[in-house]
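Participant: any chance you can model this:
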Amino acid sequence: MRKGWLGWGLFALILVTFRSQTVYAKDNELVEMAVSVELLENGTGVITERRRVILESGTENYIVIQEEDGLEVIDFQVEGLTEDDEWDSERSREEKAGTYGILETRDGVELVWGIGDYGEQSYTLSYTVTNIVRQLDDGQALFWDFNRFGELEPEYLTIEINGPQAFTEEHTRLWGFGYQGNVQLDNGVLRSYSEGGVEANRPVAVLMHFLNDSFIPSYYVNETLAEQLERAEAETTRGGTEDDFDSSILIGLFGTLLAGFGAFIFALFKIDAKKKEKGKVPTGYAQRKRNKGLMHTVIPYKDGELTDIVFFLQQLQKGTYEQYIFAYLLKWSKEKVIYIETDTAEKGKKERTLLTFFPKAFQLKRENSFNSSQFENDLWELFLNALNDNNQITNKEMTNWAEKNGEKLYALQQSLLDESEAVLIKEGYLIEKEVHFFKMKIPFMSTTKKGQKLYDQLTQFENHIKALEKDASLSYRQLIEEKDFLIWASLYGKEEKMIDQLEEVVPEWTNQEVEGLPYFYSGYYGLHMMSASVHTGLSNGGYTNTGGTGGATSIGGGGGAIGGDGGGVR
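Facilitator: Prediction:
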């Protein structure tokens, strides 16, 4: 046993020493990198990179992105190049020239594109990443690491971030970690730049705290804004700290822990293998791989309520609480049990949304409905408690009410998943099983044949929405009426994009009187505002911070930033 421990320790020492002495070729240069990010209201980021390079070796450029913790990459494009759906990294530089593609990995994707000719080149690429703005316990934040270059370190780097509304010093706090430079607000836009280049083993992390809840994020992190900042200032995401701590100090500890850690990992793999043998619910990654290229163009679930499928949607990192609230507001508007009005408040500075509820109409609908969702009934009752004597509420009043009743709203959030699991088990879509490992009994959920079919249809419907996002001309495949399609798209966080496409398909809507428009168009933005008001109230407000007003960045820190998985040329 003692020899075994020494062997692992020696292996660790050799590995770390080898890695620390690796020499990277200097014949490839990233002269300049300019990154701009457009943040959408749902927390998605549309990222555009402009790179000026001098390349003398390799065949392809690549960016690594791990699709975890709610992240998902969509809409990757490289300006002037043609998409290759079957990218093969083994091909020659000449074969890759003029093309780009996506490689799926176990943990996410690699965005790749051909180098083309050696020498000086310029590339403009864009990709969209979901959930880069997160909901924290008491506010919202973006903490993004822009290190997508790996060992190909840019000599000059600039970063620009825009939001749905202009960022203000009153409601925005910002910091930069891992690089020497500056970060500040300029005319409502975050701008940052590096001084003296950046390093491969450090993050280029920008932290933004939004004190006015500008977004409706789909992903929640159990952490306060203050805790996030404390961790960011204390830790480093990638190798290196302010004092350039020598990683070899950790070798002894690494060698000591490795055997125990290896046994732990073996146990996890063994348990997971047993679960797979018994048909455990596939992960979102496995499910998307299984259904790649397949489309489901009709409503994927018609046998019950929208809430029934929460369990499967959340395996795909969709169907969040906020998305369900918005979906039900759309549904109620369609059923004419609520009425939405949006007007300009006094002095014409801010829009005001007024929501009117019709309790008798809702009750009649429920009495004549074959299926009934407890979540929907409870959500309706919660909203009724917030109304005035005329059964009305404004978006500002909704924010105040939600802030005071956050505990009840979060209790309802938990019931959403519980109700879904109970229905899916009762109706034969899921079955509870257990595996045995030594003396432990480990329970897990398994799909039935019927359940796997539903899970596939929900995944394929996501593929359908993504295809429409990329090419609106594919709308001929759409077999769902717009009013229902928008409700379903909202469960995937795609309703905003679909509304934009409807405006392109039917541009005359933008010039019509409200009375002549379908409810799902004329009322969309008002309902979105009301949903945002609920979300804002849930954040509980009251966060103040005297720091984070911009200025010089910190060469250290950056712990907890997402993104920054590297890249380069190979």
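Participant: now do Q315, the pLDDT please.
Facilitator: Predicted confidence (pLDDT) for Q315: 83.
Participant: with L416 instead?
Facilitator: So L416 comes in at 87 (pLDDT).
Participant: cool, the one 5 residues further on as well?
Facilitator: Note for E421: predicted pLDDT of 92.
Participant: does it really touch Y429, like I thought?
Facilitator: No. Using C-beta atoms under 8 Å, E421 is not in contact with Y429; the gap is 9.8 Å. (Glycine included, C-beta is placed from N, CA and C.)
Participant: quick one: the helices in the stretch 201-350 of the chain, in order.
Facilitator: Here the stretch 201-350 of the chain has its helices, by DSSP state H, counting those that start in this stretch, at 225-234, 251-277, 284-290, 310-315, 321-334.
Participant: also the stretch 401-550 of the chain?
Facilitator: Using DSSP H, counting those that start in this stretch, helices in the stretch 401-550 of the chain cover 406-426, 449-470, 482-491, 495-505, 519-522, 524-538.
Participant: okay, domains of the chain per the record?
Facilitator: 25-245, 294-538 (automatic domain parsing).
Participant: averaging pLDDT over each of the helices of the stretch 401-550 of the chain, which comes out lowest?
Facilitator: Across the helices of the stretch 401-550 of the chain, helix 519-522 gives the lowest mean pLDDT, at a mean of 46.
Participant: and E421 and Y429? which has more neighbours close in?
Facilitator: A count of neighbours by other C-beta atoms under 10 Å puts Y429 above the other of E421 and Y429, at 26 against 16.
Participant: worst average pLDDT in the helices of the stretch 201-350 of the chain?
Facilitator: Note on the helices of the stretch 201-350 of the chain: helix 251-277 shows the lowest mean pLDDT, a mean of 59.
Participant: read off the pLDDT value for the closest residue in space to Q392 that isn't next to it in sequence.
Facilitator: Spatially, and ignoring its direct neighbours in sequence, Q392 is nearest to T356 (5.0 Å; C-beta to C-beta, 6 or more residues apart in numbering). We have a pLDDT of 92 for T356.
Participant: kindly report the same for N545.
Facilitator: pLDDT for N545: 33.
Participant: please apply the same query to T99.
Facilitator: pLDDT, T99: 96.
Participant: thinking again about what came up before, save the domains of the chain as TSV, and put in distance to K275 too.
Facilitator: Shown next, in TSV, are these (distance: least, C-beta to C-beta, whole Å):
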stretch	distance to K275
domain 25-245	17
domain 294-538	5
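Participant: which stretch among those comes nearest G566?
Facilitator: Closest of the domains of the chain to G566 is domain 25-245, at 3.8 Å (criterion: C-beta to C-beta).
Participant: and the helices in the stretch 51-200 of the chain, which stretches?
Facilitator: Applying DSSP H, counting those that start in this stretch to the stretch 51-200 of the chain gives helices spanning 93-96.
Participant: got the end-to-end distance for stretch 37-54?
Facilitator: With C-alpha to C-alpha, to the nearest Å as the measure, stretch 37-54 spans 25 Å from end to end.
Participant: could you do stretch 108-125 as well?
Facilitator: Across stretch 108-125, the terminal residues are separated by 18 Å (C-alpha to C-alpha).
Participant: return the distance of that stretch from the chain's centre.
Facilitator: Stretch 108-125 sits 25 Å away from the centroid of its parent chain (C-alpha atoms, centre = their mean, to the nearest Å).
Participant: so for that stretch, what gets flagged as buried?
Facilitator: Of the residues in stretch 108-125, 108-116, 123, 125 count as buried by neighbour count, 16 or more other C-beta atoms under 10 Å.
Participant: nearest residue to A327 in space, please, no chain neighbours.
Facilitator: Leaving aside its chain neighbours, A327 sits nearest to S490 (4.5 Å; criterion: C-beta to C-beta, 6+ apart).
Participant: swap in V298?
Facilitator: Excluding its sequence neighbours, the residue lying closest to V298 (C-beta to C-beta, 6+ apart) is L479, at 4.8 Å.
Participant: now the one you found: how far from N222?
Facilitator: Separation of L479 from N222 (C-beta to C-beta, to the nearest Å) stands at 40 Å.
Participant: hang on, the earlier thing: and the residue nearest to Q392, what does it touch?
Facilitator: Contacts here follow C-beta atoms under 8 Å, 6 or more residues apart in numbering; on that basis T356 touches 338-341, 390-392.
Participant: isn't K318 up against Y492?
Facilitator: Yes. With contacts counted by C-beta under 8 Å, K318 reaches Y492, the gap being 4.9 Å.
Participant: what residues are shared contacts of these two?
Facilitator: Residues touching both K318 and Y492 (C-beta under 8 Å, 6+ apart): E462.
Participant: sorry, back to before: for L479 and N222, indicate the residue with more neighbours.
Facilitator: Set L479 next to N222 and count neighbours by other C-beta under 10 Å: L479 wins out with 11 against 7.
Participant: state the distance from Q314 to G284.
Facilitator: 9 Å.
Participant: who's more crowded, those two?
Facilitator: Of the pair Q314 and G284, G284 is the one with more neighbours under other C-beta under 10 Å, namely 20 against 15.
Participant: make sure the more buried one is actually in contact with L316.
Facilitator: Yes. In terms of C-beta under 8 Å, G284 counts as a neighbour of L316; the distance is 4.7 Å.
Participant: surely F437 and K274 touch.
Facilitator: Yes. With contact defined as C-beta under 8 Å, F437 reaches K274; the gap is 7.0 Å.
Participant: and the end-to-end length of stretch 37-53?
Facilitator: Start and end residues of stretch 37-53 are separated by 21 Å (C-alpha to C-alpha).
Participant: with stretch 186-202 instead?
Facilitator: Terminal residues of stretch 186-202 lie 26 Å apart, using C-alpha to C-alpha.
Participant: list the buried residues of it.
Facilitator: Neighbour-count burial for stretch 186-202 flags 190-194, 198-202 (criterion: 16+ other C-beta under 10 Å).
Participant: need the contact list for the residue nearest the centre of the chain.
Facilitator: Of all residues in the chain, the one closest to the mean position by C-alpha atoms, centre = their mean is N131, 2.1 Å from it. Shown in contact with N131 (C-beta under 8 Å, 6+ apart): 43-44, 69-72, 217-219, 317.
Participant: who wins for most neighbours among those?
Facilitator: Per-residue neighbour counts (other C-beta under 10 Å) across the contacts of N131 peak at P217, which has 27 neighbours.
Participant: and that residue, what pLDDT?
Facilitator: 86.
Participant: and the nearest residue in space to it that is not next to it in sequence, helix, strand or coil?
Facilitator: If the residues on either side of it in the chain are set aside, P217 comes closest to G43, at 3.8 Å by C-beta to C-beta, 6+ apart. Under DSSP: H, G, I helix; E, B strand; the rest coil, the three-state class of G43 is coil.
Participant: what's the spacing between G43 and Q478?
Facilitator: Per C-beta to C-beta, G43 is found 26 Å from Q478.
Participant: against L316, how distant is N463?
Facilitator: To L316, N463 is 11 Å away according to C-beta to C-beta.
Participant: mind jotting down where the strands sit in the stretch 301-450 of the chain?
Facilitator: For the stretch 301-450 of the chain, the strands defined by DSSP state E, counting those that start in this stretch cover 338-344, 351-357, 392-394, 430-437, 440-447.
Participant: want to try TSV for those, with distance to M295 as columns?
Facilitator: Shown next, in TSV, are the strands of the stretch 301-450 of the chain (distance: least, C-beta to C-beta, whole Å):
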stretch	distance to M295
strand 338-344	32
strand 351-357	35
strand 392-394	40
strand 430-437	25
strand 440-447	21
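Participant: alright, that wraps it up for me.
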